[in-house]
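**Student:** my questions are about this predicted structure, shown below with the sequence.
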Amino acid sequence: MKPTNNSQIKGWLTGLLIAVFACLGSDTAAFSQDDGYRMTGLPELTQEDIEWQNTHMLRVKKVKINQRGLERINQYRQKRAQRKMTDKDVSVVPLGKEIEGVVGAPKDDSVISSDSSTTTMPAALPPYVDNSALKFFPPIRSQGSLPSCGAFSGTYYAMTYMNAMARDLDAKTGGESLQLSPKWTYNMINGGALVGSWYYQAYDIGIKHGVSTWAQFPYDSNYRQWNTNATVWRDAVYRRFDQYGYVANTHLDSGIEQVKQLLLNGYVLNFPTYISSWQYKTIGNDPATSADDAFVGKRICHWVNGTSGYHAMTVVGYNDEIWVDINGNGTVDSGEKGAFRIANSWGTSWGEAGFAWMAYDALKNPSAVSGGPATNRIYGWSPSRAHWVTARSSYTPTLIAEFTLSHAQRNQLRVTLGVSGTTGVSPSQIWYPKMIYGQGGAYAFNGTTTACDGTFVFDFSDIVPLGGDPMRYYLGVYDSVTGNSVTVKSYRILDIINADKDVVCGTVPVTGDYEQLYKFVEYNFNDGNEAPVAIAQATPVSGTAPLTVTFDASGSYDPDGNIVSYAWDFGDGTSGTGVTVQHTYTASANYEATLQVTDNGTSTNEDWLTIQVAADTNQVIFVDDINLSAKVVKKRINVQSDVLIRDVGNLPMENATVTGAWSGLVSGSVSGVTDATGKVSFTSPTATKAGTIIFQVTNVSKSAYTYDATLNKETQDSISVAPARR
């Protein structure tokens with residue numbers, strides 16, 4: 001049948017390509033940098049996919065500044081003859097802690113939420129950032145004939161870069177042992193077929209299991225093979241990633257600004273786009289500046305006019321000085337300046353040695369430029385969001401599981417870890433993986449149709465119980481279909497903290513068919529860390545309000561390490577940190593102050609003491625008088641309550657906060673502050689019938705003073721009222 005529209009043509013061509021490349025599935029030839037293929041590979045998102053992202057992913061609310069960002073701002077300020085900013089001007093956060101996020105996003109991304117434009121950036125951003133120039137960004141490579149752009153851009157570019165930045169590695173020139181393998185992730189999430197996948201599926205694997213290097217599991221055209229080498233799996237665990245999420249509303253200036261803020265901090269991000277619908281111009285020369293001269297004449301995508309070629313790419317930088325004459329009038333118009341630097345996975349023969357420019361305006365719909373193109377225009381990043389992932393500067397597992405399985409169809413297997421007490425027969429707590437859990441299609445671990453052995457390593461660290469009690473550590477293997485049995489050939493756990501102590505399961509091998517198997521070993525895990533000792537002291541421990549107390553934790557110690565944090569809870573709803581801190585109690589009461597210390601092995605201990613604060617007999621206040629008066633206008637009645645507050649010296653008390661409540665014919669709570677005469681007045685809600693209106697003082701407060709209700713000359717008053725007669 002002849003295709004009748006662009007969508008059918010796209011589907012027909014995609015099907016043809018998949019059919020052709022399926023024949024190459026067992027070919028392990030590596031791809032060259034310029035193999036000529038132009039595969040894409042993002043699956044189209046459904047509304048359910050968007051809702052899943054909205055309810056499960058961390059959305060950026062604020063971007064804080066890290067040391068790299070501050071250095072870049074200061075370099076820019078120095079060029080403008082402005083003073084450098086220091087830690088007195090801005091709070092600098094560690095790498096990986098820049099994002100303050102929330103779960104959830106606007107149902108309609110065209111409406112930005114009130115919090116997503118918030119920023120903690122201390123100054124104007126530099127006009128130009130290119131993170132691909134840093135040593136952390138790997139060389140441009142090609143995804144070749146596979147529709148693997150999601151896993152490729154997410155793993156090889158974003159995760160390689162973020163891991164290298166977190167650990168200060170040279171992924172650019174350091175070779176394949178420092179570059180992460182997209183085959184590790186793509187082959188696990190493609191179902192054993194030549195289909196597309198999303199980069200955040202690769203992030204999930206990185207967070208749960210870590211990622212192998214390109215050297216350990218080289219990327220090639222074999223899209224079905226899984227890695228079955230225990231050493232590679234174990235090494236990957238040490239590269240477990242931290243978290244991921246997205247910037248929303250990248251079609252708005254606020255979303256674009258957040259992407260730029262993350263780029264300033266050294267991040268790179270992934271985004272989806274219809275690359276075959278990119279429309280190009282050349283970068284123009286803005287006569288008002290020379291900052292764009294190096295880019296004049298280069299190609300730039302200035303808008304996207306359709307939905308052809310859904311593709312994952314990586315944004316690595318930005319340049320506010322770049323100009324593209326979007327409306328073609330030869331004038332630098334509002335909205336025409338600025339572009340993102342993009343890395344592609346089509347080798348160095350594409351674009352500028354694998355890179356391209358994309359105008360800020362290309363992300364918008366409609367164009368922000370007067371007279372900008374509109375026909376069939378869509379968001380340049382579609383949907384309008386960019387995803388980020390963070391890496392750990394280091395990670396060492398505590399306890400790992402190593403196991404060998406044999407099965408002919410890996411998509412029938414679901415493997416879990418679990419723990420229970422020593423009397424359990426099944427796990428009381430279960431850890432669910434992102435690998436070997438129903439993936440891979442009807443193939444063996446090596447991608448063939450013949451059963452083979454595979455040895456794998458999962459990380460127990462997330463569910464290892466603390467306390468050093470004997471526990472049962474389970475390997476769970478569920479075979480979901482009858483007819484193909486699974487054999488658990490070996491299972492052991494290794495205590496990484498305690499010199500790789502090896503505990504082997506003695507009840508394997510075991511075979512099961514269409515059933516849940518649990519094999520366990522008993523082990524008393526102790527991380528070897530002794531808890532610190534908390535010793536809290538305070539001077540004074542009693543006195544009258546306001547009472548300033550100096551708290552001292554210097555007597556605390558750690559028997560086998562050092563204390564890394566001292567946290568104080570003062571018992572009055574406030575807290576503090578540090579070896580010594582001061583706190584002032586303003587109200588009389590007995591307070592239980594608590595000190596918690598944490599050592600370098602994350603163990604904690606607490607100590608507490610009681611602070612007795614008495615009221616200063618000269619700083620006690622009470623209610624001296626309540627006077628009610630009614631105002632009747634026809635059938636509308638309002639009552640005014642005048643409250644007088646004095647201290648024990650019988651002086652009127654100014655700036656005391658009085659709260660009260662109306663009852664009887666009316667109801668409601670009120671609050672007000674006394675004037676220089678010690679008085680505050682309240683007006684009741686309107687009543688329209690005869691009866692009694694009551695006003696009661698519920699509390700009085702003033703800093704450094706104690707309210708003693710037993711001294712009140714009057715706590716409530718009432719008045720009888722009736723509407724005026726006609």
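**Tutor:** Okay, I see it. Numbers count the residues shown, from 1 in each chain.
**Student:** after the helix or strand bottoming out on mean pLDDT in the chain, next one along is what?
**Tutor:** Sorting the helices and strands of the chain by mean pLDDT, DSSP states H and E puts helix 6-22 at the bottom, at a mean of 40. Once the chain leaves helix 6-22, the next helix or strand it forms, by DSSP states H and E, is helix 47-56.
**Student:** how close does T86 sit to M121?
**Tutor:** Using C-beta to C-beta, to the nearest Å, T86 is found at 16 Å from M121. Where C-beta positions appear, they are placed from N, C-alpha and C, glycine not excepted.
**Student:** neighbour count winner among these two?
**Tutor:** When neighbours are counted by other C-beta atoms under 10 Å, T86 and M121 differ, and M121 comes out ahead with 20 against 10.
**Student:** OK, contacts around the more buried one?
**Tutor:** By C-beta atoms under 8 Å, 6 or more residues apart in numbering, the contact set of M121 is V63, I65, G69, Q261, L264.
**Student:** quickly name whichever of those residues is closest to N638.
**Tutor:** Distance to N638 across those (C-beta to C-beta) is lowest for V63, with 51.3 Å.
**Student:** I figured the closest one hits Q258, correct?
**Tutor:** Yes: the criterion here is C-beta atoms under 8 Å, and V63 meets it with Q258 at 5.7 Å.
**Student:** where does the stretch 501-650 of the chain dip in pLDDT?
**Tutor:** In the predicted model of the stretch 501-650 of the chain, residues 527-529 satisfy pLDDT under 70.
**Student:** show me what counts as buried in stretch 484-498.
**Tutor:** Judged by neighbour count (16 or more other C-beta atoms under 10 Å), stretch 484-498 contains these buried residues: 484-497.
**Student:** for G191, give its distance to P43.
**Tutor:** 11 Å.
**Student:** and the buried ones among the contacts of M121, selectable in ChimeraX?
**Tutor:** In ChimeraX syntax, the buried subset of the contacts of M121 is picked out as below (16+ other C-beta under 10 Å):
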select :63,65,69,261,264
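**Student:** tell me the bridge partners for T706.
**Tutor:** Listed by DSSP bridges, the beta-bridge partners for T706 are V620.
**Student:** which residues touch stretch 486-497?
**Tutor:** Against stretch 486-497 from outside (C-beta under 8 Å, 6+ apart): 396-407, 412-413, 453, 455, 460, 473, 475, 477, 479, 500-505, 508-513, 517, 519, 521, 523, 525, 527-528.
**Student:** one more time with 6 Å
**Tutor:** With contacts defined as C-beta atoms under 6 Å, 6 or more residues apart in numbering, stretch 486-497 is touched by 397-404, 406-407, 473, 475, 477, 479, 500-505, 508-512, 519, 521, 527-528.
**Student:** how far away from the center of its chain is it?
**Tutor:** Distance of stretch 486-497 from its chain centroid, counting by C-alpha atoms, centre = their mean, to the nearest Å, is 33 Å.
**Student:** average model confidence for it?
**Tutor:** The predicted model assigns stretch 486-497 a mean pLDDT of 96.
**Student:** what is the burial count for D616?
**Tutor:** The criterion is other C-beta under 10 Å. On that basis, D616 has 17 neighbouring residues.
**Student:** gap between it and S542?
**Tutor:** Counting by C-beta to C-beta, the gap from D616 to S542 is 13 Å.
**Student:** D558: how many residues sit nearby?
**Tutor:** D558 - counted by other C-beta under 10 Å - has 20 other residues nearby.
**Student:** looks like it contacts N600 (just checking).
**Tutor:** No: look at D558 against N600 with C-beta atoms under 6 Å: they stay out of range, at 7.5 Å.
**Student:** now the strands for the stretch 201-350 of the chain?
**Tutor:** Taking DSSP state E, counting those that start in this stretch to define them, one finds strands in the stretch 201-350 of the chain at 243-248, 269-274, 278-282, 299-304, 310-323, 337-343.
**Student:** a markdown table for these, including mean pLDDT and mean neighbour count?
**Tutor:** Output for the strands of the stretch 201-350 of the chain, formatted as a markdown table (pLDDT from 0 to 100; neighbours: other C-beta atoms under 10 Å):
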| stretch | mean pLDDT | mean neighbour count |
| --- | --- | --- |
| strand 243-248 | 96 | 24 |
| strand 269-274 | 98 | 26 |
| strand 278-282 | 98 | 16 |
| strand 299-304 | 98 | 24 |
| strand 310-323 | 98 | 24 |
| strand 337-343 | 98 | 24 |
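**Student:** between those strands, which one is closest to R234.
**Tutor:** The closest of these to R234 is strand 243-248. By C-beta to C-beta, the value is 22.8 Å.
**Student:** identify the residues contacting that closest one?
**Tutor:** 57-60, 101, 105, 116, 203, 255, 258-259, 385-387, 389-390.
**Student:** can you flag which of those residues belong to helices?
**Tutor:** The members of the contacts of strand 243-248 that map onto helices under DSSP state H are Y203, G255, Q258, V259.
**Student:** how near is the third one to V315?
**Tutor:** Just to be clear, that refers to Q258. Relative to V315, Q258 is positioned 12 Å away (C-beta to C-beta).
**Student:** strands of the stretch 51-200 of the chain, start to end?
**Tutor:** Going by DSSP E, counting those that start in this stretch, the stretch 51-200 of the chain shows strands at 58-63, 99-103, 128-130.
**Student:** excluding covalently adjacent residues, which one is nearest to G245?
**Tutor:** Excluding the flanking residues, the one nearest G245 by C-beta to C-beta, 6 or more residues apart in numbering is L58, at 3.2 Å.
**Student:** I figured that neighbour was touching E100, is that so?
**Tutor:** No: counting by C-beta under 6 Å, E100 is not a contact partner of L58; they are 9.5 Å apart.
**Student:** now the helices for this structure?
**Tutor:** Using DSSP H, helices in the chain cover 6-22, 47-56, 67-79, 149-151, 160-167, 182-189, 199-209, 230-237, 253-264.
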